[in-house]
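**Q** Need a 3D model of the sequence below.
(chains A and B)
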Protein chains: 2
Amino acid sequence: MLPRWKGKAAKAKAFADPMSKIVSELQSSLVQSEAHALLSGCSALLAVESEQTDLLNRACFGRAIATTEKEKQWFQLSMEEAFYLCHSLKCLKIKVGEDNCPKNDEELWDYMKSKKEKFPLFYKAYSHLRNKNWVVRSGSQYGVDFVAYCHHPSLVHSQYAVLVLSEGDDGDNANQRLREWSDIHCTIRLCGSVAKTLLVLNINKNGQVTVSPSCLEGYAVEERTIMRWSPQQCREDQTVVENGIK
Amino acid sequence: MLPRWKGKAAKAKAFADPMSKIVSELQSSLVQSEAHALLSGCSALLAVESEQTDLLNRACFGRAIATTEKEKQWFQLSMEEAFYLCHSLKCLKIKVGEDNCPKNDEELWDYMKSKKEKFPLFYKAYSHLRNKNWVVRSGSQYGVDFVAYCHHPSLVHSQYAVLVLSEGDDGDNANQRLREWSDIHCTIRLCGSVAKTLLVLNINKNGQVTVSPSCLEGYAVEERTIMRWSPQQCREDQTVVENGIK
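**A** Next up, the predicted model:
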């Protein structure tokens, strides 16, 4: 399934302004301003000024929160987003509560694991896609873990519905999806009805233990798309097959 | 959600001809003719003449199979359907292969468990709904275990999408559905888009072991419907709430 752009102008706009460039600009800006976020439950709060508000919106990190403060705009970042800006892009420091000293990556890793058991797997999936310049947002609306857009959601519909599974791991840490045929049928039918392709990211932990974020380097990610095979369509409509190969 | 009849005439036709009566007629007819079916893989094959063809179609058991035989019509029954006619309605005998002696309930139970590990749970759910005069068919098209109709599918759309779970049982015999929020979101969204209510049948085995069909009497079935709660709709549209209570 090809990306569904929201009009020709949207496609042209996206090609003229690649996501990699926008994220780089955000990274430089946050580094320069020594940005700090505050952990709060399962998210991190970040206050920024107008230029960074624009960059966060364009790079599609977090959600702007309405407050009475006029000079600052607050953003609520998911744990994956916050850790990506902190650990992967190294452009954000994160504090907890009244403690003025930012937490290091290991402390954040422990905090996030304690809030969300599957954080290591979900973060690996999130960072894997973000590193390839996909825009990654929550997939809860579609009953999946994430949705992936090839550019900003204002320009294109999300192309992939993403489920994060763990290869060869039946432990509590794994995502218990697609273990029943009925679940596979349900997920594929829903993805089809919202014109998305189901992308399964199988994370192979390669025996790594999750004590520190360094285990992420040892994780391998295997990508699989799952689609309904319609004999009639595949036999008679060659254009569908050709588009599928692209 | 109220039943969605396929027109007013369909509703009147259904009320004039209750499903309980049709099933009783089928039962008497099969008893009288000493009907025998033949087990074949995960289904049972039954050859009937025109009167019983009509009754099986009206009671919605099995699927008619096209063959070259003119006098007999073959029906393919699912394992749940075959065992229900045999064990619960006691109107069908079932043979295996060349053996001319019909199998008893215990032998059939063992056969069906060997073909489908979750058969005891699925059969309990199937018979529970059939005993209450619901028409029960496969739900694979909607990513659930069964769909339930309040009368024949030609007169009414299926009202419930049914998932069979096993309470307090994490063993291999349980159905691994709805264990993740993303699966719950996926299932509810799909049910909503096809105008069905999600009905979860929780089977509590009460410590019964599945060695013989007599364990079924000890199983308890707990019914739960799961619906999306929309604050706006529930606050402003009283009619929706009232319909929901009925």
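**Q** which other residues reach stretch A:120-134?
**A** A:18-20, A:23, A:79-81, A:83-84, A:88, A:112-113, A:116, A:136, A:145-146, A:148-150, A:160, A:162, A:164, A:166, A:173-175, A:201, A:203, A:210, A:215-216, A:219, A:221 (Cβ atoms under 8 Å, 6 or more residues apart in numbering or on different chains). Any C-beta I mention is one placed from the backbone N, CA and C, and that applies to glycine too.
**Q** overlap between those and the residues near chain B?
**A** The subset of the contacts of stretch A:120-134 within reach of chain B, by Cβ under 8 Å from any Cβ of the partner chain, is A:Asp145, A:Asn175.
**Q** Please point out which parts of the one helix or strand A:Glu51 maps to sit buried.
**A** For A:Glu51, the element it lies in under DSSP states H and E is helix A:50-59. Residues of helix A:50-59 classed as buried by neighbour count (16 or more other Cβ atoms under 10 Å in any protein chain shown): A:Gln52, A:Thr53, A:Asp54, A:Leu55, A:Leu56, A:Asn57, A:Arg58, A:Ala59.
**Q** Turn the buried ones among the contacts of stretch A:120-134 into a named PyMOL selection, would you?
**A** Per 16+ other Cβ under 10 Å, the buried members of these correspond to this PyMOL selection:
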select buried, chain A and resi 19+23+79+80+81+83+84+88+112+113+116+136+145+146+148+149+150+160+162+164+166+174+175+201+203+210+215+216+219+221
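**Q** out of the contacts of stretch A:120-134, which are inside helices?
**A** A:Met19, A:Ser20, A:Val23, A:Met79, A:Glu80, A:Glu81, A:Phe83, A:Met112, A:Lys113 (DSSP state H).
**Q** can you pull the contacts of the residue nearest the centre of chain A?
**A** Central residue of chain A (Cα atoms, centre = their mean): A:Val136, 3.1 Å from the mean position. Shown in contact with A:Val136 (Cβ under 8 Å, 6+ apart): A:Glu80, A:Tyr126, A:Leu129, A:Arg130, A:Phe146, A:Val147, A:Ala148, A:Tyr149, A:Val162.
**Q** Okay, and the beta partners of it?
**A** On the basis of DSSP bridges, A:Val136 is bridged to A:Ala148.
**Q** got a pLDDT number for it?
**A** For A:Val136, the pLDDT comes out at 98.
**Q** thinking again about what came up before, among the contacts of A:Val136, which pair sits farthest apart?
**A** A:Glu80 and A:Tyr149 (15.3 Å; Cβ to Cβ).
**Q** Those residues of chain A touching chain B, which are they?
**A** Near chain B, when you scan chain A using Cβ under 8 Å from any Cβ, you find A:139-145, A:163, A:175-177, A:179-190, A:193.
**Q** swap the cut-off to 7 Å and go again
**A** Proximity of chain A to chain B, by Cβ under 7 Å from any Cβ of the partner chain, involves residues A:140, A:142-145, A:175-177, A:179-180, A:182-183, A:185-187, A:189-190, A:193.
**Q** Quick one: list the elements packing against the helix holding A:Glu51.
**A** Counting contacts by 3 or more Cβ pairs under 7 Å, 6 or more residues apart in numbering or on different chains; DSSP states H and E, helix A:50-59 packs against helix A:19-32.
**Q** ok now do the closest residue in space to A:Leu26 that isn't next to it in sequence, which residues does it touch?
**A** Distances taken as Cβ to Cβ, 6 or more residues apart in numbering or on different chains place A:Leu55 nearest to A:Leu26, at 4.2 Å, with adjacent residues excluded. For A:Leu55, the contacting residues are A:Glu25, A:Leu26, A:Ser29, by Cβ atoms under 7 Å, 6 or more residues apart in numbering or on different chains.
**Q** now do A:Lys90
**A** By Cβ under 7 Å, 6+ apart, A:Lys90 lies in contact with nothing.
**Q** So for it, what pLDDT did the model give?
**A** 97.
**Q** Just say helix, strand or coil for it.
**A** Following DSSP: H, G, I helix; E, B strand; the rest coil, the label given to A:Lys90 is coil.
**Q** so how far is chain B from it?
**A** 30 Å (Cβ to the nearest Cβ, to the nearest Å).
**Q** ok, now A:Lys13?
**A** Distance, A:Lys13 to chain B, by Cβ to the nearest Cβ: 31 Å.
**Q** Likewise for A:Ser212?
**A** 26 Å.
**Q** Same question for A:Lys196.
**A** 12 Å.
**Q** Can you tell me which of the ones in helices among the contacts of stretch A:120-134 is closest to A:Leu38?
**A** For the ones in helices among the contacts of stretch A:120-134, the minimum distance to A:Leu38 (Cβ to Cβ) is 13.2 Å, reached by A:Met79.
**Q** Just give the closest residue to that closest one, not the sequence neighbours.
**A** A:Met79's closest residue in space is A:Met112 (Cβ to Cβ, 6+ apart), at 4.9 Å.
**Q** residues contacting that neighbour?
**A** By Cβ under 7 Å, 6+ apart, the neighbours of A:Met112 are A:Met79, A:Phe83, A:Phe119.
**Q** Would you format the residues you listed as a markdown table with pLDDT included?
**A** Below are the contacts of A:Met112 laid out as a markdown table (pLDDT from 0 to 100):
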| residue | pLDDT |
| --- | --- |
| A:Met79 | 97 |
| A:Phe83 | 98 |
| A:Phe119 | 96 |
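**Q** from those, which is closest to B:Thr68?
**A** Looking across the contacts of A:Met112 and measuring by Cβ to Cβ, the closest to B:Thr68 is A:Phe119, at 61.2 Å.
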